[in-house]
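Visitor: Structure for this input, please:
(chains A and B)
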Amino acid sequence: TQLLEQSPQFLSIQEGENLTVYCNSSSVFSSLQWYRQEPGEGPVLLVTVVTGGEVKKLKRLTFQFGDARKDSSLHITAAQPGDTGLYLCAPPWGTGNQFYFGTGTSLTVIP
Amino acid sequence: DVKVTQSSRYLVKRTGEKVFLECVQDMDHENMFWYRQDPGLGLRLIYFSYDVKMKEKGDIPEGYSVSREKKERFSLILESASTNQTSMYLCASSPDRGPYTEAFFGQGTRLTVV
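Guide: Now for the predicted structure:
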């Protein structure tokens, strides 16, 4: 099992605030994905980052892959209640033979 | 659209019962997974299957078994349900093993063992 630690574990913010959540590991990955899980639903893929230092933007969400490809961050600008959910990172198939996920960050955006 | 369907959204079973959780995917994916989701613990892999009749243990296989007799269907079996198996169970599938491979999830089955 590759340990993927996400921080913070819980985050509650007001609508309009900015936030950053993190995904850290001691392992090097060929790629990293971010998923969002809304209440009562399964996780859905948001983005895949592949190159060290890569930055991808998805509307108000900015994803960055660390230079050493061991960590990633997700920054949300002007958070909205629709951003509420559990954010999970995952290296597709990792360096092992299985599909693992991080511990998750539960985000609540208060109107 | 890829669809992964889990047979039940909510399930209540008694301690000691044999429980079957069913998952079907409609995209001919090779790989299928069963995860357990508990607050603060993220998604923990129970078992996965990379082909019909093939399976591998994940991190927490104890108390569970799986069956994959057809490519589209992957079943999770709790041989004798216990209260510590009360949890959300998520099934997923993925087509291959590349760096861009996406996992497609079902909506989950919330199992309560009383």
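
Visitor: hang on, isn't B:V19 packed against B:S7?
Guide: No: the pair B:V19 / B:S7 is not scored as a contact, 11.3 Å apart, by C-beta atoms under 8 Å. The C-beta positions use only the backbone N, C-alpha and C, and glycine is treated the same way.

Visitor: So which of these two has more stuff around it?
Guide: Ranked by neighbour count (other C-beta atoms under 10 Å in any protein chain shown), B:V19 and B:S7 place B:V19 first, with 19 against 15.

Visitor: what's the spacing between the residue nearest to that one when sequence neighbours are not counted and A:T48?
Guide: Leaving aside its sequence neighbours, B:V19 sits nearest to B:L78 (C-beta to C-beta, 6 or more residues apart in numbering or on different chains; 4.1 Å). Going from B:L78 to A:T48 by C-beta to C-beta, to the nearest Å gives 33 Å.

Visitor: got it, and A:L88?
Guide: According to C-beta to C-beta, A:L88 stands 13 Å off from A:T48.

Visitor: got it, and B:S67?
Guide: 31 Å.

Visitor: More neighbours: which of these two?
Guide: Under the criterion of other C-beta under 10 Å, the comparison of B:S67 against A:T48 puts A:T48 first, with 20 against 16.

Visitor: Surely the more buried one is in contact with A:S31?
Guide: Yes: contact criterion C-beta under 8 Å: A:T48 and A:S31 qualify, at 5.6 Å.

Visitor: Between these two, which contacts overlap?
Guide: Residues touching both A:T48 and A:S31 (C-beta atoms under 8 Å, 6 or more residues apart in numbering or on different chains) are A:92, B:99-100.
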